[in-house]
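Enquirer: The sequence and its predicted three-dimensional model are supplied below.
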Amino acid sequence: MSEKFLRADGLVELRPAPAAVAEASRTGVDLVTRGELCTACLVGDWGLSLLRVAKTLCDDCTWLESEVSRRAGAARSRAGRTAGDGVVQLAGLSDPDDASWAPVRAALQLRDARLTELLDDAAASGMAVVELDSVRDHDRTVRAVSRQDALRSGLLDDSAEARVRLFAEWLRLLAPEDHAVRADVLADVPALAHALRAHQVGVIAASVRADVDRVGRETARALATVTRAPLALGAVVSRLVRVRLTRFARAARA
């Protein structure tokens, strides 16, 4: 079974199961084993990339920020986003004098504080806290805890209601003036949680449709060359049968 760890440095680390590693090797797929953790909900994450170095919110929280702003009749918040509309220098993220990166640094610092609290609580409760290699300094290690353990213990809550509350607190701490404008909307946690779940189901459904369309195109190409590559057809049809059934199950549970 694959296991995901929440790291003190703000990353998530996936330890894939041997079966997943073998399947990836067989199909030529590169497994993404590290990602960046959402600074608001500590649940969502995304793959590491220089193109996303200024990203501080997961896709769900980004949608939530947009929806809250829409319902409040307000412009999008700049909390957790680089200041200004000009080009920013990547080196500015680690430069405390570069004001354009200040909102991003503030979001990362808030995430670090929340993770420190989570890890301290995990250790105090007797939960297994492990040491993983540091990404930035190979001579150091960072504390980490299993995401599943944190969820089972209640230290982490991935429900839509919890994510709405955490986003509201994130916005209050990083941009009090923006929070004040949206306070009435954010106070209606059940309505926002319901909307977030509906959005998640829509995203899953769209992804499934895209996967089915893609596999359909691959099937058509395999049929066109079936006399030359009968095994290709079998492989693609097998993938069509298995395509994203887990996503359908998640959508049904939501």
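Expert: Sure thing, it's come through. In this text the structure is predicted, and so the values were computed from the model without any measurement.
Enquirer: Break down the stretch 1-150 of the chain into its helices, ranges please.
Expert: Taking DSSP state H, counting those that start in this stretch as the test, the helices found in the stretch 1-150 of the chain are 18-27, 59-72, 102-124, 147-153.
Enquirer: The last one: which residues count as buried?
Expert: I take that to be helix 147-153. Buried positions in helix 147-153, judged by neighbour count with 16 or more other C-beta atoms under 10 Å: 147, 149-150. (Glycine included, C-beta is placed from N, CA and C.)
Enquirer: ok so, going back, how about the helices of the stretch 1-150 of the chain, which one is nearest Trp170?
Expert: helix 102-124 (6.7 Å; C-beta to C-beta).
Enquirer: Tell me which residues are up against that closest one.
Expert: Residues from elsewhere that reach helix 102-124 (C-beta atoms under 8 Å, 6 or more residues apart in numbering): 6-10, 37-40, 42, 54, 56, 78-83, 93, 96, 129, 143-145, 149-150, 153, 155-156, 170, 173-174.
Enquirer: Buried residues in it, which are they?
Expert: Buried positions in helix 102-124, judged by neighbour count with 16+ other C-beta under 10 Å: 103-108, 110-111, 114-115, 118-119, 122.
Enquirer: For the closest residue to Arg165 other than its chain neighbours, give me its contacts.
Expert: Distance criterion C-beta to C-beta, 6 or more residues apart in numbering; nearest residue to Arg165, sequence neighbours excluded, is Val189 at 6.2 Å. Going by C-beta under 8 Å, 6+ apart, Val189 touches 161, 164-165.
Enquirer: Dump the residues you listed into CSV; add neighbour count, secondary structure and distance to Arg182 as well.
Expert: Shown next, in CSV, are those (neighbours: other C-beta atoms under 10 Å; DSSP: H, G, I helix; E, B strand; the rest coil; distance: C-beta to C-beta, whole Å):
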residue, neighbour count, secondary structure, distance to Arg182
Glu161, 15, helix, 17
Val164, 24, helix, 12
Arg165, 17, helix, 14
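Enquirer: of the residues you listed, closest to Asp60?
Expert: Nearest to Asp60 out of the contacts of Val189 is Val164 (C-beta to C-beta; 10.1 Å).
Enquirer: how much space between the closest one and Leu174?
Expert: Distance, Val164 to Leu174, by C-beta to C-beta, to the nearest Å: 16 Å.
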